[in-house]
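Asker: Structural data only, the sequence is not supplied:
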């Protein structure tokens, strides 16, 4: 299954109607189950499903390292995961991020520009979200997905086996920032979260309590900083 398809549509412009083709994103129903217990059912783009499973389990506290996963079997969108005995028996409490890492505001604006350049699926369809994980100099991971949360989880699932230092990384989202995304990134130890749109009030309060710098409306040469501005020199 591909992640895009061409379909016939009727396009209306003023009083003119024309028959054309449009490019749409494809979504797939997916499930993660661990030892036969279903953890989540959702939809996402039909690729990087194993990475999605790893990222979901890591960001929810079911694993602490890739080695905690013994096996992933995939069939018809169902990812059946077997964990090792070393995996946590259940997710622990959400601790504050301990990193003291800082970057400049210009660095966050630069990552935003790279996101725009890389967002090919969004340019073709207008129906995808993007997530980047970056450090002081490079965008290390970039993912687009029809589901914003799955895009985040896939990016984490790609980054984790690469041994990227999350304590010296920032996450950039093309969507708004709900508290759940802040929680997922904080659990991974990422100290800076930025996005093109707004955070929720709960996201700001959670970021404040978890030592996470939270930036929104990162567009062009401007952004709003909602929590822990010292991480970007404020």
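Answerer: Now that the structure is in, tell me what you want to look at. Computed from a predicted structure; not experimentally measured.
Asker: So which residues of the protein form helices?
Answerer: 49-59, 105-118, 120-125, 148-159, 179-187, 201-209 (DSSP state H).
Asker: Any idea which of those helices gets closest to residue 138?
Answerer: helix 105-118 (9.1 Å; CB to CB). C-betas here are computed from N, CA, C, even on glycine.
Asker: What separation do you get for residue 76 and residue 31?
Answerer: 9 Å (CB to CB, to the nearest Å).
Asker: quick one on the thing from earlier: can you lay out the helices of the chain as CSV showing mean neighbour count, mean pLDDT and distance to residue 69?
Answerer: Shown next, in CSV, are the helices of the chain (neighbours: other CB atoms under 10 Å; pLDDT from 0 to 100; distance: least, CB to CB, whole Å):
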stretch, mean neighbour count, mean pLDDT, distance to residue 69
helix 49-59, 25, 98, 7
helix 105-118, 17, 97, 28
helix 120-125, 16, 95, 27
helix 148-159, 26, 98, 10
helix 179-187, 23, 98, 17
helix 201-209, 18, 98, 27
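Asker: how about a markdown table for those helices, with distance to residue 43 added?
Answerer: Shown next, in a markdown table, are the helices of the chain (distance: least, CB to CB, whole Å):
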| stretch | distance to residue 43 |
| --- | --- |
| helix 49-59 | 11 |
| helix 105-118 | 23 |
| helix 120-125 | 15 |
| helix 148-159 | 8 |
| helix 179-187 | 17 |
| helix 201-209 | 23 |
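Asker: Compare the ones you listed and give me the one nearest residue 221.
Answerer: The nearest among these, by CB to CB, is helix 105-118 at 6.3 Å.
Asker: and the closest one, what does it pack onto?
Answerer: Secondary-structure packing of helix 105-118 (3 or more CB pairs under 8 Å, 6 or more residues apart in numbering; DSSP states H and E): strand 129-134, strand 139-145, strand 170-173, strand 192-195, strand 213-219, strand 222-227.
Asker: Off-centre distance for the fourth one?
Answerer: Here strand 192-195 shows a centroid-to-chain-centroid distance of 11 Å under the convention CA atoms, centre = their mean, to the nearest Å.
Asker: tell me the average confidence for it?
Answerer: Averaging pLDDT along strand 192-195 gives 98.
Asker: what comes into contact with it?
Answerer: Contact with strand 192-195 is made by 101, 103, 108, 111-112, 169-177, 181-182, 185, 207, 212-216, 218, 223, 231-232, as judged by CB atoms under 8 Å, 6 or more residues apart in numbering.
Asker: strand partners of it, parallel vs antiparallel please.
Answerer: Note on strand 192-195: by DSSP bridges, its sheet partners are strand 170-173 (parallel), strand 213-219 (parallel).
Asker: Please apply the same query to the first one.
Answerer: Within its sheet, and counting by DSSP bridges, strand 129-134 is paired with strand 139-145 (antiparallel), strand 170-173 (antiparallel).
Asker: how about these in TSV, adding mean pLDDT?
Answerer: Shown next, in TSV, are the strands paired with strand 129-134 (pLDDT from 0 to 100):
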stretch	mean pLDDT
strand 139-145	98
strand 170-173	98
